[in-house]
Every structure is written in C-alpha cells, then in structure tokens.
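K.L.:
3D, please:
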Amino acid sequence: MKRVLLRRRPRLMLGLALAAVLILNAGAARAFDDEAVRAKLADEHAMCAAYQYIVLECIGDKRAPLGADARVKELYRSSADYNLALASFFSDVRLAALKLNDHKSEMTAKMSSCADVSLLLGEYEAFCRDMTKDPKKSWAYWKDRK
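P.N.:
The predicted structure follows:
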C-alpha cells in the first residue's frame, strides 16, 4: 500500500502544482485587467481635466464665444480639479500631470485661438460631463468591456 502512495505522490504533487499555477495565472490576469481599467480611466480623466482647463482659460479670454460668468468658471475649475484628482488616483500624480499636458497640447493644436473652443466643446463636453458626474459608472463600463 505504501508503494502505491509513493508512486502516486509525484502525480499528486504535479497536479497540485499545475492547479496552483492556473490559480495564480487567473489572479494575475484579473489584476492586469484592473490595472488596464485603471490606466484607461486615468487617461480619460486626464483628458477631461485638460479639456476643462482649456475651456476655463478660454472663458477668461474676451474673444471667446463663452461668457465670463463666475458660476460657469467655478464649475469648470472644480470639474477640472476633480478630474485631475481622479487621474492621479487611478495612476500616479506625475503620470497624471504628463497625460494632462499631452492632452492639453493635442487639444490646443486643434484650435487656432480660443474663438475655436467650440471645436472642443462638441467633441469632449458630453463625454467629460458624464465622466465627472459618475466615475463609478465609467469604472463599471471598462471592467465589463474586458
């Protein structure tokens, strides 16, 4: 009886090792998905912060089609700060700042001046409003897309 157990033991150990590897790989894949979701959300929040900071700058520009209403300025300022904080939360403060600057450069290249801010409004306003309003919904969306 002892001999039978000794012969089966390597098979049992091999089976346990394979099971452990499969479990660890499944956990690593799930962690990667969470990292990928976090990276995507960080990028999108940095993009929205860049958009909102540009609109905020253009609100102060007298040639811009937007009015200089203090309430609108405060709304864009708080939304931009909030999105930048979320981008930092989902990634890293330095990485969020780099992404913010990259997105800001891309967006300002699309405009010749603040008079063209309506190009950005049409492209980013609804998306960023939704991102700012309900970040949990965005997290669920990207988690379900994996």
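
K.L.:
all strands for this protein, in order.
P.N.:
Assigned strands in the chain: none (criterion: DSSP state E).

K.L.:
where in it is pLDDT low?
P.N.:
1-33, 61-69, 135, 137-146 (pLDDT under 70).

K.L.:
list the contacts of Asn83.
P.N.:
His45, Ala46, Cys48, Ala49, Gln52, Cys128, Met131, Thr132 (CB atoms under 8 Å, 6 or more residues apart in numbering). For glycine as for every other residue, the C-beta is placed from the backbone atoms N, C-alpha and C.

K.L.:
and the furthest pair within the residues you listed?
P.N.:
For the contacts of Asn83, the farthest-apart pair by CB to CB is Ala46 and Thr132; their separation is 12.7 Å.

K.L.:
of those two, which one has the most company?
P.N.:
Just comparing Ala46 and Thr132: by other CB atoms under 10 Å the higher neighbour count belongs to Ala46, 27 against 20.

K.L.:
list the contacts of that one.
P.N.:
For Ala46, the contact set (CB under 8 Å, 6+ apart) comprises Asn83, Leu84, Ala87, Ala96, Lys99, Leu100, Asp102, His103.

K.L.:
redo that, cut-off 7 Å
P.N.:
Counting by CB atoms under 7 Å, 6 or more residues apart in numbering, Ala46 touches Ala87, Ala96, Lys99, Leu100, His103.

K.L.:
find the nearest non-adjacent residue to it, please.
P.N.:
Lys99 (3.6 Å; CB to CB, 6 or more residues apart in numbering).
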